[in-house]
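A.B. asks: mind looking at a prediction? Sequence and model below.
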Amino acid sequence: MIGLIGKKIGMTQVFDEAGNLTPVTVIQVSPNTVLSIKNKEKDGYDAVVLGAEDLKKSRITKPVSGQYPEGVNPKKFVKEFRGFTNEVAVGNQLGVELFESTRFVDVVATSKGKGTQGVMKRWGFGGGRKSHGSKFHREAGGTGQCTYPGKTFKNVKMAGRMGRERVTVQNLKIVKVDPEMKVMMVRGSVPGNKDCTLIIKSAVKKER
């Protein structure tokens, strides 16, 4: 498994040699710095810790600054990738060219927050009749029982907060990797707002 920390730029469309249109999401990958390497002998598992986007030293405390190797600036985003297959060393810079030989990726991000929503938008309920005289339109209907046990069970689909959750989209096909512009294009949509942070990993369920 390989992975990087990236940023969602937006969506566009590209045409292949046959003239077919493909909607793609543009992901920018600034150089990721290897902060530490964990192994089974010392930590109990193998992992690589990557950091992206420099952070001012005045923004962090001394205990946190001691976790960074000498000569490496503090990072705004830090992520641990377990089972990293490529050989790396502390201080190495990893870019989007890491995915040049990869066909499919999994992308993890925080979805857009939509606030408090009703059952029709949140869960896709059909609602009631739209005819004249009906008093049941965009409501949830009954949620409990009038007899035993006479209560509403947990996990019943109701109105509430929607969105802003950790979402993983699997098997996104890589359409193009541009190391010069530090961007990669994947087929389809990616969760999250514009400029949100993404975790990009090689696909688990498909071949590289």
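C.D. replies: Thanks, I have the structure now.

A.B. asks: okay, and residue 198 sits in which element?
C.D. replies: strand 197-202 (DSSP states H and E).

A.B. asks: how distant is the helix or strand of the chain with the lowest mean pLDDT from the center of its chain?
C.D. replies: Across the helices and strands of the chain, mean pLDDT, DSSP states H and E gives its lowest value to helix 62-65, namely a mean of 87. Put simply, helix 62-65 sits 27 Å off its chain's centre (Cα atoms, centre = their mean, to the nearest Å).

A.B. asks: likewise stretch 143-154?
C.D. replies: Worked out by Cα atoms, centre = their mean, stretch 143-154 lies 38 Å from the chain centre.

A.B. asks: what are the phi and psi angles of the residue of the chain positioned farthest from its centre?
C.D. replies: Distance from the C-alpha centroid of the chain peaks at residue 133, with 46.0 Å (Cα atoms, centre = their mean). The phi/psi pair for residue 133 (degrees, to the nearest 10) reads phi 90, psi -10.

A.B. asks: how close does the nearest residue to residue 86 once chain neighbours are set aside get to residue 96?
C.D. replies: Nearest non-adjacent residue to residue 86, counting by Cβ to Cβ, 6 or more residues apart in numbering: residue 2, 5.7 Å away. C-beta: built from backbone N, CA, C; applies to glycine. Residue 2 sits 11 Å away from residue 96, going by Cβ to Cβ, to the nearest Å.

A.B. asks: comparing those two, which residue is more hemmed in?
C.D. replies: residue 96 (23 against 20; other Cβ atoms under 10 Å).

A.B. asks: can you pull out the strands in this protein?
C.D. replies: Here the chain has its strands, by DSSP state E, at 3-15, 21-28, 32-38, 47-54, 75-82, 93-94, 104-110, 113-117, 160-163, 166-178, 183-187, 197-202.
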